[in-house]
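Student: Need coordinates for the below:
(2 chains)
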Amino acid sequence: MSQTSSDTLKIASWNINSVRARIDIVERFLTESAPDILCLQETKVMNDIFPDSMFRRLGYNHIILHGQRMHHGVAIVSKVPITEDDRLDWQANGEARHVGVRLDNGLRLENVYVPAGGDEPDRTINPKFGQKLDFYERMIEWSAKLTVPTLLVGDFNVAPLECDVWSHKALINVVSHTPVEVELLARLQAAHDWVDLGRKFVPAPERLYTWWSYRAKDWLASDRGRRLDHMWASPAVAEKATAHYVLEGCRSWDKPSDHAPLITEFRF
DNA sequence: ATGGCTGGTAGAACCAGA
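Tutor: Numbering: from 1, shown residues only, chains lettered A, B, ... in the order given. The predicted structure is shown next:
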């Protein structure tokens, strides 16, 4: 597989909504899709009780954790060597929402879980929305200073395009698709000339979603999805991408996450 | 029919997700 061929790399990102509750489907995903590296968001577990044995059994012996009790939490598990680079607090409140690593080939990999932002898209009455906007402002400052070839992945909690949501009209004032969030995401993208790999490989206006609510009676039939998860690459890194896809089928597995995994394949 | 569900933690007539 790819780890035996030194010039290819398969990187996955998945908001798992509790890595302990989903350990069996994470194992199934790793067995079936065999990424070299998996970035997890919403692990919901402290580092000292992270369920690492399954990962090590499958050969993911390089594990970088930034977890916390109950909420949030990110992790990177890898078959190839990774070195922790940084763990930034773009919300300035101590929550575990980012970890970055470097690969031996020089690529930097950044795994982020952007705050959801609460219900009301108005920071004067909803502090969580203000925190989300501030988080993006700090990411923009960080992004503008980047000089290293980077892959930025995770749950951005914004679906920017009309074809990234099941109904632009129904969601225009719903947090995740509001004009102020879409504008912030555009500024973040411009700050490093980030390439949106999702739309490089699945151009608009084709439907592309990564998240479907648990509340739908039949998520697939109603298909009221949003593209909240993303993989963005520095221009030089994007040129090396050979494939990118969302594994929608995982949303139908037993006790699923409400997010589907994303995969990008590279040839360096 | 975009909250109708789900997980963590407590042991809820909870909170948070998005």
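Student: All the strands of the stretch 101-250 of chain A, residue numbers only.
Tutor: Applying DSSP state E, counting those that start in this stretch to the stretch 101-250 of chain A gives strands spanning A:108-113, A:150-155, A:195-196, A:211-212, A:225-226, A:229-233, A:241-246.
Student: list the contacts for the residue lying closest to residue A:164 once chain neighbours are set aside?
Tutor: Of all residues not flanking residue A:164 in the chain, residue A:227 sits nearest, at 3.8 Å (Cβ to Cβ, 6 or more residues apart in numbering). Quick note: C-beta positions are derived from backbone N, CA and C, even for glycine. By Cβ atoms under 8 Å, 6 or more residues apart in numbering, the residues touching residue A:227 are A:159-161, A:164-165, A:198, A:208-211.
Student: what pLDDT does residue A:227 get?
Tutor: Model confidence at residue A:227, given as pLDDT, is 98.
Student: Against residue A:189, how distant is it?
Tutor: Separation of residue A:227 from residue A:189 (Cβ to Cβ, to the nearest Å): 14 Å.
Student: residues shared between the contacts of these two?
Tutor: Contacts common to residue A:227 and residue A:189, judged by Cβ under 8 Å, 6+ apart, are absent.
Student: Could I get the buried residue list for stretch A:52-70?
Tutor: Going by neighbour count (16 or more other Cβ atoms under 10 Å), the buried part of stretch A:52-70 is A:52, A:55, A:60, A:62, A:64-68.
Student: what's the closest of these to DNA strand B?
Tutor: residue A:68 (9.0 Å; Cβ to the nearest atom of the strand).
Student: what comes up buried for stretch A:125-133?
Tutor: A:126, A:129-133.
Student: what's the answer for stretch A:34-43, then?
Tutor: Going by 16+ other Cβ under 10 Å, stretch A:34-43 has these buried residues: A:34-43.
Student: what's near enough to touch the residue sitting nearest the centre point of chain A?
Tutor: The residue lying closest to the centre of chain A (Cα atoms, centre = their mean) is residue A:154, at 1.4 Å. Residues near residue A:154 by Cβ under 8 Å, 6+ apart: A:13, A:15, A:39, A:41, A:74, A:110-114, A:229-230.
Student: what pairs with it across the strands?
Tutor: residue A:112, residue A:230 (DSSP bridges).
Student: any idea how far residue A:139 is from it?
Tutor: Distance from residue A:154 to residue A:139, by Cβ to Cβ: 11 Å.
Student: Now do the shared contacts for those two.
Tutor: Counting by Cβ under 8 Å, 6+ apart, the residues touching both residue A:154 and residue A:139 are A:112, A:114.
Student: who does the longest helix along chain A touch, helix- and strand-wise?
Tutor: The longest helix of chain A (DSSP state H) is helix A:127-144. Packing contacts for helix A:127-144, counted by 3 or more Cβ pairs under 8 Å, 6 or more residues apart in numbering; DSSP states H and E, involve helix A:179-192.
Student: Which residues does the helix it packs on contact?
Tutor: So helix A:179-192 is contacted by A:117, A:121, A:132-133, A:136-137, A:139-140, A:143-144, A:146, A:150, A:156, A:158, A:160, A:172, A:175, A:194, A:196, A:232, A:234 (Cβ under 8 Å, 6+ apart).
Student: and chain A, which residues reach DNA strand B?
Tutor: Residues of chain A that fall close to DNA strand B, judged by Cβ under 7 Å from any atom of the strand: A:15, A:17-18, A:20-21, A:42, A:44-45, A:69-71, A:115-119, A:128, A:155, A:157, A:166, A:170-171, A:174-176, A:211, A:213-217, A:222, A:224-226, A:228, A:255, A:258-259.
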